[in-house]
Every structure is written in structure tokens, then in C-alpha cells.
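Undergrad: show me how the following folds:
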Amino acid sequence: MKDYGRARFLVSTDEYIKQMVEDNYKEDNCSSRSEYVSKAIEYYTGQLATQKNDQFISTKVASLLRSLIKESEHKTEKIVFKLAVEIAMMMHLIARSQNVSQEDLDWLRSKSIDDIKGTNGTLKFDDIYWWFRE
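TA: Numbers count the residues shown, from 1 in each chain. Presented below is the predicted three-dimensional model:
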């Protein structure tokens, strides 16, 4: 605790607070009740400053996280769009070269949905290739 010179001021408090000071100042190795109260005030003031800093830091961290998430979403959207274009190209090529009935398309869609659900999205071309060859 820094000593900037002593100043006296009157503090009014509840009786139980006075008793807390009386019961604890020696246990805290304070030479007087005034020293104990001064240490308590310094500690509490430090806590208030820390809370203000935490709020400031929390705001900065939240802002940083929001911008990182937005950037990640933008990159993911671009990748998904590119994949959708590639899939659309494959669908056009296959549709041009195959003569498939509506019933077959309905069955294929249902089978594809079941396959994706059953493999949790990890279906590989090899799996389908060998399934059709069985």
C-alpha cells in the first residue's frame, strides 16, 4: 500500500461493519483499523476498475468474434456456391445423356436422401458404384 500522506475523514457505517473491522484488522496483519479500512477501499476500487476493463475487453472480444464468424460465413457461402455450380453442371450432363423416367428419379431421390442420412453425409462415390454393381 503506497503512502501518499495521511488524511482524516469521518466514515459512518453500521455497527456490524465496525465490528467486522474490529474482528479482522489484526488477522490481516494491519497495525490499525484505519490501515484495514484503507486496504479494503483499495481492494474494492481495484475490483471496480477490473470490472470496467473486463466489460471493455468483453466488448472488444465479442466484436472480434463477430467479424471472424462473418468472414467464415462468407468463405463458406462462396465454397457452397462453387460446389452447387459443379453439381448443377454434372446434373445437366447426366440428364442430357440418360433416359430416366419420373418414377426412377423419385426413387433415386429417396434412395439418395436415405443414403446421406444413413452415412451422416459421408457417402462416397465408391460406395454407390459398388452398390449398383452388386
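Undergrad: for the helix or strand where Thr59 lies, packing partners?
TA: In this structure, Thr59 sits in helix 33-97 according to DSSP states H and E. Counting contacts by 3 or more CB pairs under 8 Å, 6 or more residues apart in numbering; DSSP states H and E, helix 33-97 is packed against helix 15-24. In short, each C-beta sits where N, CA and C put it, glycine included.
Undergrad: ok, back up a step: what about the helix holding Thr59, distance to the chain center?
TA: 6 Å (CA atoms, centre = their mean, to the nearest Å).
Undergrad: how big is the angle separating the next helix or strand after that helix from helix 33-97?
TA: Later in the chain than helix 33-97, the nearest helix or strand by DSSP H and E is helix 102-118. Counting by axes from the mean of the first three to the mean of the last three CA atoms, to 10 degrees, helix 102-118 lies at 150 degrees to helix 33-97.
Undergrad: neighbouring contacts of helix 102-118?
TA: 100, 123, 127-128 (CB atoms under 8 Å, 6 or more residues apart in numbering).
Undergrad: give me the angle between the helix holding Thr59 and helix 15-24.
TA: Using the same axes, to 10 degrees: helix 33-97 against helix 15-24 is 100 degrees.
Undergrad: so which of the contacts of helix 102-118 belong to helices?
TA: Applying DSSP state H to the contacts of helix 102-118, the entries found in helices are 127-128.
Undergrad: what is the nearest of the contacts of helix 102-118 to Ser31?
TA: Leu123 (76.7 Å; CB to CB).
Undergrad: so how far is Arg109 from the closest residue to the closest one other than its chain neighbours?
TA: Among residues not flanking Leu123 along the chain, Asp115 sits closest, at 5.1 Å (CB to CB, 6 or more residues apart in numbering). Taking CB to CB, to the nearest Å as the criterion, Asp115 is separated from Arg109 by 11 Å.
Undergrad: of these two, who's got more company?
TA: Asp115 (14 against 10; other CB atoms under 10 Å).
Undergrad: quick one: pLDDT of that one?
TA: At Asp115, the model reports a pLDDT of 85.
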